[in-house]
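Asks: A predicted structure for the sequence below; I have some questions about it.
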Amino acid sequence: MGIDAEICFKSKGRLPILPDGFKIEAPNFMSPEGATHSVYSFSRYYGKGYERGYWPHICACLMEIFANPDTERVWYGGDCHGSLEEIT
């Protein structure tokens with residue numbers, strides 16, 4: 001097993017179109033307060049000290065979310081860190 005990437009976001013309307021392998025779902029138990037959606041993927045987490053996931057794929061997903069004009073907030077982290085951090 002390993003740490004999986006966890007992405008959540010808050011949208012006020014229209015949803016982004018994500019790259020293949022990523023699917024928008026309802027918030028889950030890992031979602032921070034205020035998140036309206038979570039993103040499901042089979043990607044491993046990529047972060048400082050844990051460079052396991054395929055960063056170009058994860059980054060493409062995050063960029064699509066940020067590019068959507070209806071996105072208000074975005075969170076990213078690993079599924080076993082306990083909490084996700086808001087990113088800008």
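Replies: Received it, and whenever you're ready, just let me know what you need. Numbers count the residues shown, from 1 in each chain.

Asks: mind listing the strands for this structure?
Replies: 5-11, 23-25, 37-40, 46-47, 50-51, 71-78, 85-87 (DSSP state E).

Asks: from those, which stretch is densest packed?
Replies: Ranked by mean neighbour count under mean count of other CB atoms under 10 Å, these are led by strand 5-11, which reaches a mean of 24. (C-beta placed from N, C-alpha, C; glycine too.)

Asks: contacts for it?
Replies: Applying CB atoms under 8 Å, 6 or more residues apart in numbering, the set of residues contacting strand 5-11 from outside is 22, 27, 30-32, 34-39, 41, 43-46, 53, 58, 61-62, 65, 68, 70-79, 84.

Asks: may I have that strand as CSV, with CA atoms only?
Replies: Extracted in CSV, the C-alpha atoms of strand 5-11 (Å, rounded to 0.1, in the frame of the first residue of the first chain):
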residue,chain,number,x,y,z
ALA,A,5,-3.5,11.6,-3.8
GLU,A,6,-6.6,13.3,-2.5
ILE,A,7,-8.0,16.4,-4.2
CYS,A,8,-11.1,18.4,-3.2
PHE,A,9,-12.5,21.7,-4.4
LYS,A,10,-15.3,24.1,-3.9
SER,A,11,-17.3,25.2,-6.9
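
Asks: shouldn't Tyr45 be in contact with Glu51?
Replies: No. Using CB atoms under 8 Å, Tyr45 is not in contact with Glu51, being 9.4 Å away.

Asks: which residues are common contacts for the two?
Replies: Contacts common to Tyr45 and Glu51, judged by CB under 8 Å, 6+ apart, are absent.
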